[in-house]
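Colleague: Mind looking at a prediction? Sequence and model below.
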Amino acid sequence: MSYRLDFTVLHQTETETRLSLTLHNLSDQSLEAWSLAFILSRWIEPATVSHGHLKQNGSYCTLAAHPQSALQANGHFYTEFTIKTPPLTLHSDGITEACLYTATSDQPLPVVVTPLNLRQPAQERIHLDLPPAKAINLIPAPAALQELQGEFRWSRYTALAPVPDAATGCVRWLQQTLASWLDTPLTVEPQGQIHYQLKPELAEGAYHLLIEAEAIWLEASSSAGFSHATASLLQLLPAQPVHQVEHQITLPMVDIQDQPQYVHRGMMLDCARHFHPVTRIKRLLDQLARLKFNTFHWHLTDDEGWRIEIDAYPALTQIGAWRGPEEALIPQFSTIDRRHGGFYSKQDIRDIVAYAADRGIQVIPEIDIPGHCRAAIKSLPALLVDPEDHSSYRSIQNYSDNVLSPALEGTYTFLTTVLDEVCDLFPAPFLHVGADEVPHGVWTDSPACRKMMEEHGYTDPMELQGHLLRFVENYLSQKGKRMLGWQEVVKGDKVSKNTIVLPWMNEQAGLDCAGNGYEVIMQPAQYTYLDLAQSACAEEPGANWAGFLPLETVYSYRPLAALEPSDPKLKQVLGIQCGLWCEHVFSQSRFEYLLFPRLLAISEVCWCPPEQRHWDDFLARLHGQLAYLDRMGINYRPY
Ligand code: TNX
């Protein structure tokens, strides 16, 4: 270890933290003309830095001695500064990576970062005692389950009976899943014992699954119901390692009648902050389908990356999909000294959409506008930058150059071109336009924006956002797509009530949106943001801006619980989504640790009405599911 960085909380209040940073040169060479780069998500108040010259862009900070001076062998550099945010309580709130640039080396030098010294009493990790597993451990719990006496024995002669059209997708899913651990492929035969049967009298999404000694019946009125029946069937297969079961696979005889509480049961995945390979997404889709989610909300663009190939603008992915020391986009969140990135080609996207469709999952793309657009703006400056705009602002994620201008012709050219291609790629009749977190101060010092406000009689700059979003809403509706947006999509009061709103800041936001007559998909951070840390223990990875999110809190969620059960506004709740924002998610194992087992809890919240949910019973079934998670090699958080 030649260079080490220590970062210590000196004192903190609810609104302010004073920190010290010490860089140690443990080598036997003095460092000339050095500059330290480090990753910190909180905004450092520039005027409070005691020593050195500091610059910050997003989470990327650089610090150099001022005036420039060498850092002697065995010497150290010390500085202090203040952060005006809620207290730091987790190691992930601190500096996560650092490296050094010097005059004498053309490569960044690695710096070991010691965990943030919080100087607080150690907090406990949450541990749960799981009750014994049950005989049948379905998650989400079915509405009605009758256990029958006996079992269905799977043999190499087990086959599907001829399959109705509505079930061909989920049959492909069933065949692919079984192919990975059965030695004989599951084929369709006239005398097959597994029967998919259309029952028009069943409600949309509902299914009937009957397992008898000699036959299995999966009944539904549509492909959605068949997917749900298939999910239950897959969960009833034994979870032990293959070598223990290959010659004696049995399924318990059951009679299940089941249907979902909500039509929309989703998960949002942020693929911009860190890029997730196609294989990771497919593995996730397998799990989502098994848990009867029906929507994958794909967050494809953000400040830190543009992840979708657009034929008309190759620069979006040539430039906007990559961060690194040598790239137009500087490093953020991780990989401080390396290139990070990637994007989905149109073929990748078609492949994922089809893979999801076989599993009963629609894919809703999100193109986040007008904020969170730094990657697009850096890729297409000629089109998207207004050189006359001198407004100054700082976004929550500490950018001052990440918002599209509603007064620029290029913005509309860009949007219509991108939306044309995106709409062609995704069959779902929905498109999410983000609309979150446009920073205060934007557009205020732009002659073009001011002129536009005058022309339309707007008094609040947010009306410009409303103007832009109404344009997009109309454009999408001509293409047969309904617009979705985060809760801020209603700011400026211009979009129609046909827009579906996703309140995320808290429950109150949901009550407000529903009160204003919008249909909502509830995604309050305090219950559904799976990037939040799972306990207050400092080592627990994740974010904490909306508190901690243990399994039990996820499970306790009830949308708009403040309303009387008879309140008509409850009908405006289309469903629930969870989400994984990925500032902290730089590996498969971190990805799984944050998702599991909380994804199982939220699946039950989406599927089962509150009176059908029982925490202890859930824990017992979760216990029963752990063998499956183990077999899949999923790095779930242990309880
Ligand atoms: C808020 S939720 C955001 C995201 C962050 C997330 C971190 C929302 C619409 N915006 O940009 O990634 O918090 O938890």
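Modeller: Great, that's in hand.
Colleague: which residues in the stretch 1-150 of the chain form strands?
Modeller: Per DSSP state E, counting those that start in this stretch, the stretch 1-150 of the chain carries strands over the ranges 3-12, 17-25, 35-39, 53-57, 60-64, 76-83, 98-101, 109-110, 112-113, 144-153.
Colleague: which one is residue 360 nearest to, not counting chain neighbours?
Modeller: In this structure, residue 360 finds its nearest non-sequential neighbour in residue 227, 2.6 Å apart by C-beta to C-beta, 6 or more residues apart in numbering. Any C-beta I mention is one placed from the backbone N, CA and C, and that applies to glycine too.
Colleague: That neighbour - how many residues pack around it?
Modeller: Residue 227 has 27 neighbouring residues, counting by other C-beta atoms under 10 Å.
Colleague: Report the separation between the nearest residue to residue 144 once chain neighbours are set aside and residue 136.
Modeller: The shortest distance from residue 144 to any non-neighbouring residue, by C-beta to C-beta, 6+ apart, is to residue 257 (4.4 Å). Distance, residue 257 to residue 136, by C-beta to C-beta, to the nearest Å: 14 Å.
Colleague: now do residue 402
Modeller: In this view, residue 402 and residue 136 are 50 Å apart by C-beta to C-beta.
Colleague: okay, the two: which has more neighbours?
Modeller: Taking other C-beta under 10 Å, residue 402 and residue 136 do not tie; residue 402 has more neighbours (27 against 17).
Colleague: pretty sure the more buried one is in contact with residue 369, am I right?
Modeller: No. In this structure residue 402 lies outside contact range of residue 369 using C-beta atoms under 8 Å: 10.7 Å.
Colleague: Tell me if I am right that the residue nearest to residue 144 is in a strand.
Modeller: Yes. According to DSSP: H, G, I helix; E, B strand; the rest coil, residue 257 belongs to a strand.
Colleague: if we can go back for a sec, show me the contacts for the residue nearest to residue 360.
Modeller: Shown in contact with residue 227 (C-beta atoms under 8 Å, 6 or more residues apart in numbering): 169-170, 173, 289, 292, 294, 359-360.
Colleague: in which helix or strand would I find it?
Modeller: Secondary structure from DSSP states H and E places residue 227 in helix 223-236.
Colleague: again, but for residue 453
Modeller: helix 447-456.
Colleague: And for that helix, what's in contact with it?
Modeller: Outside helix 447-456, the residues touching it (C-beta under 8 Å, 6+ apart) are 386, 388-389, 391, 405-408, 443, 458-459, 461, 463-464, 467.
Colleague: give me that answer again for 6 Å
Modeller: For helix 447-456, contacts defined as C-beta atoms under 6 Å, 6 or more residues apart in numbering pick out 388, 407, 443.
Colleague: Produce a ChimeraX select command limited to the buried residues of these.
Modeller: To isolate the buried subset of these in ChimeraX, counting by 16 or more other C-beta atoms under 10 Å, use the following:
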select :407,443
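Colleague: Helices - which of the contacts of helix 447-456 land there?
Modeller: Using DSSP state H, no member of the contacts of helix 447-456 falls in helices.
Colleague: now the contacts of helix 447-456 in TSV, with distance to the ligand?
Modeller: Converted to TSV, these look like this (distance: C-beta to the nearest ligand atom, whole Å):
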residue	distance to the ligand
388	28
407	24
443	20
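Colleague: pull the helix or strand with minimum mean pLDDT from this protein.
Modeller: None of the helices or strands of the chain scores lower by mean pLDDT, DSSP states H and E than helix 242-245, at a mean of 55.
Colleague: rewinding a little: mind checking the strands of the stretch 1-150 of the chain for the one nearest to residue 248?
Modeller: With C-beta to C-beta as the criterion, residue 248 lies closest to strand 144-153 of the strands of the stretch 1-150 of the chain, at 7.6 Å.
Colleague: now that closest one: mean pLDDT?
Modeller: For strand 144-153, the mean pLDDT works out to 97.
Colleague: In it, which residues are buried?
Modeller: So, applying 16+ other C-beta under 10 Å, buried residues of strand 144-153: residue 152.
Colleague: next one: stretch 506-516
Modeller: Neighbour counts over stretch 506-516 (16+ other C-beta under 10 Å) mark 507, 509-514 as buried.
Colleague: Could you dump those into TSV and include secondary structure and distance to residue 451?
Modeller: As requested, these are arranged in TSV below (DSSP: H, G, I helix; E, B strand; the rest coil; distance: C-beta to C-beta, whole Å):
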residue	secondary structure	distance to residue 451
507	helix	40
509	helix	33
510	helix	37
511	helix	38
512	helix	32
513	helix	32
514	helix	37
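Colleague: Which parts of the stretch 501-639 of the chain are helices?
Modeller: Along the stretch 501-639 of the chain, the stretches classed as helices by DSSP state H, counting those that start in this stretch are 507-515, 525-528, 551-555, 588-595, 598-607, 615-631.
Colleague: what does the domain assignment say about the chain?
Modeller: 3-113, 144-258 (automatic domain parsing).
Colleague: Compare those and say which comes out lowest on pLDDT.
Modeller: If the domains of the chain are sorted by mean pLDDT, domain 144-258 sits at the bottom with a mean of 93.
Colleague: Centre of the chain to that domain, how far?
Modeller: 31 Å (C-alpha atoms, centre = their mean, to the nearest Å).
Colleague: Confirm for me that residue 59 is in contact with residue 41.
Modeller: Yes. Using C-beta atoms under 6 Å, residue 59 is in contact with residue 41, at 4.7 Å.
Colleague: The two - which one has more neighbours?
Modeller: Neighbour totals were compared for residue 59 and residue 41, and residue 59 leads with 25 against 21 (other C-beta under 10 Å).
Colleague: Nearest to the ligand: which residue in the stretch 401-550 of the chain?
Modeller: Nearest to the ligand, among the residues of the stretch 401-550 of the chain, is residue 436, at 3.5 Å (C-beta to the nearest ligand atom).
Colleague: pretty sure that residue is touching residue 489, no?
Modeller: No. Between residue 436 and residue 489 there is no contact under C-beta under 6 Å: 8.3 Å.
Colleague: Show me which of the two is the more surrounded one.
Modeller: More crowded of residue 436 and residue 489, by other C-beta under 10 Å: residue 489, with 27 against 20.
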